[in-house]
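Asks: Got a sequence here, can you model it:
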Amino acid sequence: MAQVATERYAKKLLGERDIEAVLSRLDRLTVEESRTAAAQTLDVVHGLVNNMEVVMEGTGFLLVWVSTI
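Replies: Numbers count the residues shown, from 1 in each chain. From the prediction side, this is the model:
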């Protein structure tokens, strides 16, 4: 009930078109933020995979070196 009153007050204060424009912009920003978060997550995963490959290659070299002694 309080939400309905708040919406009515906001519509009177700002106008219905302004509210729709703000909500539309908020929706676009939310989508952009989720895409940015996904890209950052993929970047971190990519870095971890690269580090894992380097460690595995180093360990393989170490095992070969130790086995030849």
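Asks: what's Ala10 in contact with, if anything?
Replies: Ala10 sits next to Ile19 when contact means CB atoms under 8 Å, 6 or more residues apart in numbering. Every residue, glycine included, has its C-beta placed from N, CA and C.
Asks: Tell me the pLDDT of it.
Replies: The confidence metric pLDDT takes the value 75 at Ala10.
Asks: can you check the one 4 residues further on too?
Replies: According to the model's per-residue confidence, Leu14 sits at a pLDDT of 70.
Asks: show me where this structure has strands.
Replies: For the chain, no strands are identified by DSSP state E.
Asks: Helices along that one, start to end?
Replies: Assigned by DSSP state H, the chain shows helices spanning 2-14, 16-67.
Asks: what angle do the shortest one and helix 16-67 make?
Replies: Between the axis of helix 2-14 and that of helix 16-67 there is an angle of 110 degrees, by axes from the mean of the first three to the mean of the last three CA atoms, to 10 degrees.
Asks: next one: helix 2-14 to chain centre, how far?
Replies: Chain-centre distance of helix 2-14: 32 Å, with CA atoms, centre = their mean, to the nearest Å.
Asks: Quickly note the distance from the most centrally placed residue in the chain to Glu20.
Replies: Geometric centre of the chain, nearest residue: Ala37, 1.0 Å, by CA atoms, centre = their mean. Distance of Ala37 to Glu20, computed by CB to CB, to the nearest Å: 26 Å.
Asks: And for Glu53?
Replies: 50 Å.
Asks: just Met52 next, same as before
Replies: Met52 is 48 Å from Glu20, where distance means CB to CB.
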